[in-house]
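Asks: the following block contains a protein sequence and its predicted model.
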Amino acid sequence: MNDDLDIRRKRLRYRCWHRGTRELDLLLGRFVDAALATMDARDLDRLEALIEVPEPILYSWVTGHGTPPPAYDHDLFRRLRAFHRPSERF
């Protein structure tokens, strides 16, 4: 089971650093570099769902220019946004 999580973490790290736009690569990549080791299976599920969102939409959510729908406005997303916006940290 732990090996499965490690494989998912490695795959997610790569996908977050290689999305397409450099801006979102930096936002997601830096966050996963800092937080991925402590993510559990539920967090990984949520991250996998987040990175399926089209780039312009996800970028607007992360930068605070858009509001994610309730299905995406979960703890992991709030941690991602707070990571890049220190004034929103818990």
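Replies: Alright, I've got the coordinates. Numbering: from 1, shown residues only.

Asks: could you tell me how many residues sit around Trp61?
Replies: By the criterion of other C-beta atoms under 10 Å, Trp61 has 20 neighbours. In this view, the C-beta of every residue, glycine as well, is placed from N, C-alpha and C.

Asks: helix, strand or coil for it?
Replies: helix (DSSP: H, G, I helix; E, B strand; the rest coil).

Asks: other SSEs contacting the helix ranked longest in the chain?
Replies: Determined from DSSP state H, the single longest helix within the chain is helix 2-17. Packing contacts for helix 2-17, counted by 3 or more C-beta pairs under 8 Å, 6 or more residues apart in numbering; DSSP states H and E, involve helix 22-35, helix 41-50.

Asks: low-confidence regions, the protein specifically.
Replies: 1, 86-90 (pLDDT under 70).

Asks: can you tell me what sits against stretch 55-63?
Replies: By C-beta atoms under 8 Å, 6 or more residues apart in numbering, the list of residues contacting stretch 55-63 from outside reads 19-21, 23-24, 27-28, 50-51, 53, 66-68, 72, 77, 80-81, 84.

Asks: so which of the helices and strands packed on helix 2-17 comes closest to Asn2?
Replies: For the helices and strands packed on helix 2-17, the distance to Asn2 is smallest for helix 41-50, at 10.5 Å, taking C-beta to C-beta.

Asks: now do the contacts for the nearest residue to Leu12 once chain neighbours are set aside.
Replies: Closest residue to Leu12 apart from its sequence neighbours, by C-beta to C-beta, 6 or more residues apart in numbering: Leu47 at 5.7 Å. Applying C-beta under 8 Å, 6+ apart to Leu47 gives the contacts 12, 16, 32, 39, 76.
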